[in-house]
Each structure stands twice: as structure tokens, then as C-alpha cells.
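Asks: Quick one, what's the 3D model for this:
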Amino acid sequence: MKRSRSLVLSLVTALVAAVGAVWVAMPAFAAGATASFVKTSDWGSGWEGKYTITNGGGSTLTGWTVTFDLPPGTTVGSYWDALLTSSGQRHTFTNRSWNGSVAPGASVSFGFLGSGPGAPADCRLNGAPCGGGTGPTTAPPTTAPPTTAPPTTAPPTTPPPTSPPPDTGLPEHILTGYWHNFDNPAVELRLRDVPAEYDVVAVAFAEATATPGAVSFAVDPGLSAALGGYPDAEFAADVRALQSRGKKVIISVGGETGRVAVNDAASAAAFSDSVHALIQRYGFDGVDIDLENGLNPTYMAQALRSLRARVGAGLIIAMAPQTIDMQSPGSSYFKLALDIKDILTVVNTQFYNSGAMLGCDRNAAYAQGTVNFIVALACIQLEAGLRPDQVGLGLPAGPGAAGGGVVAPSVVNAALDCLTRGTNCGSFRPPRTYPGLRGAMTWSVNWDVTNGNNFARAVAPHLDTLP
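Replies: Okay, the predicted model is just below:
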């Protein structure tokens with residue numbers, strides 16, 4: 001046994017020497033649950049890490065906690081597919097509601113971004129050693145990525161997509177706005193009164209029912225009262241009225257307080273059934289996934305494919321993840337987008353309420369509310385597999401609409417120019433241009449109207465000028 005283990009470790013040492021920045025912590029050889037770590041990328045000043053929890057035992061693991069130390073000067077930034085608590089340099093990641101159960105022989109993973117040269121040490125899985133050690137306490141030396149001067153000419157245009165986007169009847173560039181099905185400090189509107197600048201109206205929100213995965217919708221009583229009466233039949237007629245003007249109306253699922261959970265085959269079927277029923281009842285053109293409290297990409301993909309098989313190729317499938325949800329292709333939201341890329345319409349990431357985050361260069365944290373932030377973070381999606389026509393920029397519609405990241409419409413337009421033309425950029429420039437970028441989204445139509453419709457009146461006509 002010792003000789004075999006020595007041989008394996010020798011092979012691992014040779015592998016590490018060959019691949020440089022990526023190093024692996026071997027799991028324990030004994031049966032049971034283990035947690036192994038790998039640096040999936042390293043750019044000198046920071047890195048992206050991934051832990052994989054594997055159940056090598058004979059019974060289902062019903063929850064997991066991974067705890068480890070980072071050396072002074074090394075910190076955790078964005079993370080995904082887990083929950084995090086920290087005490088000094090000790091960090092504890094626990095499972096989300098949908099990935100805590102690990103069957104024998106199966107595995108789950110979570111990831112995070114690290115800042116600084118260090119790496120995890122003294123790893124514990126559910127209080128026991130993660131298995132076989134966690135590798136060196138400091139990262140192996142790496143070569144810093146070369147730096148280049150900013151280009152003096154526009155970057156190259158992205159190559160055309162290898163497959164055409166689904167035919168949803170949408171313009172090449174679109175403005176999406178959320179419509180409130182609730183009463184709050186923003187102006188209340190009947191659906192038919194949405195300003196003409198919006199191409200897609202996302203009705204917010206369908207809500208969870210007692211059946212896991214199933215959703216329901218009806219005009220909110222508080223909104224109806226504020227409008228002096230707004231029955232469901234009138235709302236359905238307003239859906240048709242917008243469609244007669246060439247607009248698309250989709251039902252959004254989730255929101256900040258939404259608790260829709262699609263975590264198994266039964267709930268995936270319930271989601272598909274219930275959304276299909278809403279489409280039949282109200283005439284919606286599609287569905288928007290706006291789940292901010294966890295998402296299982298496997299079963300949500302199953303639900304959306306089932307729904308599209310029923311509705312057809314014209315179904316609009318939109319997503320509105322938070323900024324942190326699109327930091328890495330390994331995150332659940334990003335994985336869902338890539339898994340359904342063949343039927344996905346657009347991902348309108350919420351570039352607000354997030355604080356500073358790393359962009360696609362992974363060299364600096366960009367402050368929200370800037371052209372650099374919007375461009376550098378949209379670049380992650382554009383360089384990691386989504387077609388430009390599947391990427392939209394989500395921003396708040398002025399004061400009151402968000403807690404942070406509110407920008408002037410001119411900043412949105414500058415970001416659109418930078419991404420599509422290579423002009424009006426800040427200090428960050430993307431590696432190429434993306435003329436097919438889908439457009440912009442705002443939270444929300446109601447807040448925009450409250451603020452004089454300044455967002456739509458500035459951004460919508462600018463979209464028409466894009467290549």
C-alpha cells in the first residue's frame with residue numbers, strides 16, 4: 001500500500017510540474033467522503049479554486065461542510081454553489097439547499113475566487129480531514145500573465161456564432177423592462193401603459209405554490225386596488241394589446257423573495273406544467289428565470305427543455321442572474337445558460353447591488369456603477385461560451401430602483417458602444433468587439449416612469465444605432 005501510494009504521489013508531482021499553475025490536492029484512499037481542491041486558473045495576483053466533494057462510502061451524504069485556512073494576505077472573493085462564513089483566515093463553506101445530498105459514488109463541487117498568492121490548508125470535511133492533505137500551503141510559483149499596452153485601434157470583431165439563434169421574432173437589439181405586479185413607491189401601471197420604447201416586458205413575478213416547482217400568477221390585489229380595479233381578464237387583454245404593437249410579454253419567475261425550487265424530476269415537471277398553463281391562460285411569449293436564492297441547473301434545464309418542447313421554437317427563454325452568479329462558468333446559473341445555449345434567448349445579468357468584482361481579465365476588481373464594471377463583467381460571459389445575441393446588460397432605471405450600481409443612461413450607452421464597436425471604453429478594453437450584443441434590461445419599467453422615463457428614452461434609440 002505504501003509503495004502504491006508513493007507511486008501515485010510521484011505521478012501527481014510530475015503532473016503538477018507539467019501543468020504549472022493548476023495543482024491538485026489528492027483525496028484520501030480510504031472509503032468515505034472526501035474533498036479535493038484544484039486551482040482551475042491562476043493569474044499571479046489571484047486565482048480561481050474548486051473543491052469537489054466525493055462520496056466514496058456506501059450511504060448517502062445528507063449535507064456537507066468544508067472548512068480550511070488561508071494564509072495572511074490571501075482572501076476569498078466571489079463564490080458559487082455554496083454558502084460562506086468566515087472567521088479571520090478560517091473559511092467555512094456549506095452546501096446549498098439543492099446540492100447537499102450526495103449519493104454513493106457521486107460528487108458535487110463549489111468554487112470561489114482567491115486574492116493573493118496562498119492556497120487552502122488544514123481542510124476539514126464535516127469535521128474530518130478532507131483526505132490525503134490539501135497540498136502545499138502556498139501556491140506553486142507561476143508566471144504572471146504578460147501585460148500589453150492598450151490597443152490604438154478597435155479590437156477584432158468576434159467570429160460569427162456557429163449556430164443561429166432561435167427565431168423568437170425579436171429585433172436584433174432589444175430593451176427589456178420589468179413590470180411590477182405589486183404596489184410599491186414606484187408608479188403603478190396597467191400593463192398596456194408600458195412605454196413604447198420597451199421591446200420585451202417581463203411581468204414580475206410568478207410565485208411558488210405548495211407543490212415543489214409549481215408556480216402561479218394573478219394580478220396582485222394591492223396593485224389592483226391602487227389602480228382602482230385591475231381584474232385578470234383585463235390584464236390578459238393588455239398582454240394581447242402589447243403584442244399587437246409588436247412587443248413580447250414574458251412571465252418572470254422568482255425575484256428577491258422568490259422561493260421557487262426545482263430540485264428533482266418531479267418539481268421540474270411541475271414547473272413546466274404550471275408555466276405552460278400560465279402561457280395558455282394569459283398568452284405570455286416566454287419565461288424569465290430570476291431566482292436569487294439558489295438554482296439547480298440540471299433540473300431547471302430539464303424543466304425548460306420540456307416547456308420548449310410544448311410551446312415550440314418561438315418560446316423566449318430569458319435569465320436575470322445576479323452579478324455574482326455569472327462570475328465563472330462553474331457557477332450554477334452560468335452552467336444552466338451554457339447547458340441550454342441552443343434554446344436560450346438572452347441572459348440579462350444584474351450589473352448592480354453587487355459591489356466591486358473581477359472582470360474577464362481577472363487582474364483587477366472593478367467598481368460597480370462604471371463603464372469598466374459593466375464591460376469587464378459582460379466580457380466574462382462573451383468569452384466563456386455565450387453568443388453575443390444571448391448577452392444583455394441589466395441596470396437600474398434611476399434613483400430608487402436599486403441599492404447600488406445606479407448609473408446614468410449615458411454610461412449604459414457607453415458600455416454598449418465599447419462592447420459592440422470598441423469605442424467609448426474606459427480603461428478596460430475587451431479582447432474583441434461583439435456587434436451582435438442583444439441589448440439592455442432595466443429594473444424596472446415602473447421605476448423608469450417614476451424617473452421620467454429617462455432610461456428608455458436614452459437607451460432604446462441608442463440600441464437602434466448599434467451595428
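
Asks: which residue sits closest to residue 376 in space, ignoring its chain neighbours?
Replies: Excluding the flanking residues, the one nearest residue 376 by Cβ to Cβ, 6 or more residues apart in numbering is residue 359, at 2.4 Å. In short, each C-beta sits where N, CA and C put it, glycine included.

Asks: Please report the distance of the nearest residue to residue 182 once chain neighbours are set aside from residue 365.
Replies: Once flanking residues are discounted, residue 182 sits nearest to residue 220: 4.9 Å by Cβ to Cβ, 6+ apart. Residue 220 sits 39 Å away from residue 365, going by Cβ to Cβ, to the nearest Å.

Asks: again, but for residue 81
Replies: On the measure of Cβ to Cβ, residue 81 and residue 365 end up 21 Å apart.

Asks: Neighbour count for those two, which is higher?
Replies: Set residue 81 next to residue 365 and count neighbours by other Cβ atoms under 10 Å: residue 81 wins out with 26 against 17.

Asks: just checking, the more buried one touches residue 332?
Replies: Yes. Counting by Cβ atoms under 8 Å, residue 81 touches residue 332, with 5.5 Å between them.

Asks: Run a quick check on the residue nearest to residue 376 versus residue 377, I expect a contact.
Replies: Yes. Look at residue 359 against residue 377 with Cβ under 8 Å: they come within range, at 5.5 Å.

Asks: Mutual contacts of the two, please.
Replies: Shared contacts of residue 359 and residue 377, defined by Cβ atoms under 8 Å, 6 or more residues apart in numbering, are found at residue 366.

Asks: Show me which of the two is the more surrounded one.
Replies: Counted by other Cβ under 10 Å, residue 359 and residue 377 do not tie: residue 377 has more neighbours, with 24 against 21.

Asks: what residues are up against that one?
Replies: Per Cβ under 8 Å, 6+ apart, neighbours of residue 377: 323, 326, 327, 349, 351, 357, 359, 360, 366.

Asks: Can you pull the phi/psi pair for it?
Replies: phi -80, psi -30 (degrees, to the nearest 10).

Asks: For the stretch 151-300 of the chain, which segments count as strands?
Replies: Listed in chain order, the strands of the stretch 151-300 of the chain (DSSP state E, counting those that start in this stretch) span 174-180, 200-208, 215-216, 248-255, 286-291.

Asks: So which other helices or strands are in contact with the longest one?
Replies: Other helices and strands packing on strand 200-208, by 3 or more Cβ pairs under 8 Å, 6 or more residues apart in numbering; DSSP states H and E, are strand 174-180, strand 215-216, strand 248-255, helix 265-282, strand 286-291, strand 316-319.

Asks: Next, the angle from that strand to strand 248-255.
Replies: Using axes from the mean of the first three to the mean of the last three Cα atoms, to 10 degrees, the inter-axis angle of strand 200-208 relative to strand 248-255 is 40 degrees.

Asks: and strand 200-208, what's its mean pLDDT?
Replies: When pLDDT is averaged along strand 200-208, the result is 96.

Asks: Can you list the strands that it pairs with?
Replies: Partner strands for strand 200-208, per DSSP bridges, with pairing direction: strand 174-180 (parallel), strand 215-216 (antiparallel), strand 248-255 (parallel).
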